[in-house]
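A.B. asks: just need the structure, nothing else, for what follows:
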Amino acid sequence: MKDFDADGAPDGDWEERDELAWTEFDWEKYLRQQDAAIAKYLDHYEGLEANSDRIDEAARLYGGTVAAWGDQWEVVIVADSLPIMLPPGEAMSQWWELWSGGGCQRRCEGTGGRNVLADAPCSCPEDKVERAE
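C.D. replies: Sure, this is the predicted structure:
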């Protein structure tokens with residue numbers, strides 16, 4: 001059984017936290033909410049299927065803008081935050097990683113740190129824009 005009171009800190013530091021473990025009821029409630037959100041989206045989208053302006057309507061509904069995406073269209077939504085849920089007891093990685101079709105090519109601690117895959121200094125670019133490419 002997992003220790004749901006652990007915060008995963010490698011140095012053993014602990015901080016006060018609310019209860020991390022979800023009950024079966026908590027999970028069922030969360031899944032019902034997600035099912036309802038998905039059903040609302042699908043109902044709305046299927047209702048627009050015959051409408052040539054459906055991408056514009058989706059943008060209006062979700063507060064985004066329409067942009068070209070190759071030979072298709074996408075709805076771009078700018079947000080300061082995203083509501084997410086991290087399952088309790090699950091590990092979360094904060095590595096900087098570079099992936100390709102062959103898998104993870106670089107896993108670093110960030111600029112000035114170490115590339116743990118190659119056991120070498122981090123080669124991530126200093127410029128954040130360049131790093132994101």
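
A.B. asks: stretch 124-133: how far from the chain's middle?
C.D. replies: Offset of stretch 124-133 from its chain centre (Cα atoms, centre = their mean, to the nearest Å): 20 Å.

A.B. asks: no no, stretch 46-61
C.D. replies: On Cα atoms, centre = their mean, the centre of stretch 46-61 falls 25 Å from the chain's centre.

A.B. asks: how about stretch 114-129?
C.D. replies: 22 Å.

A.B. asks: then stretch 104-119?
C.D. replies: Using Cα atoms, centre = their mean, the offset of stretch 104-119 from its chain centre is 21 Å.

A.B. asks: is the most centrally placed residue in the chain in a helix, a strand, or coil?
C.D. replies: Nearest to the mean C-alpha position of the chain, by Cα atoms, centre = their mean, lies I84 at 7.3 Å. Under DSSP: H, G, I helix; E, B strand; the rest coil, I84 falls in the coil class.

A.B. asks: quick check, pLDDT for it.
C.D. replies: We note a pLDDT of 73 for I84 in this prediction.

A.B. asks: again, but for Q94
C.D. replies: 76.

A.B. asks: looks to me like D35 is in a strand.
C.D. replies: No - counting by three-state DSSP, D35 is not part of a strand but helix.

A.B. asks: can you tell me the closest non-neighbouring residue to A118?
C.D. replies: In this structure, A118 finds its nearest non-sequential neighbour in R106, 7.3 Å apart by Cβ to Cβ, 6 or more residues apart in numbering. Where you see a C-beta, it was placed from the backbone N, CA and C, and this is true even at glycine.

A.B. asks: contacts for whichever strand or helix holds that neighbour next, please.
C.D. replies: Using DSSP states H and E, R106 sits within strand 103-108. The contact list for strand 103-108, computed with Cβ atoms under 8 Å, 6 or more residues apart in numbering, reads 95-99, 114-118, 122-124.

A.B. asks: repeat that with 10 Å
C.D. replies: If you take Cβ atoms under 10 Å, 6 or more residues apart in numbering as the criterion, strand 103-108 is touched by 93, 95-100, 114-118, 120-124.
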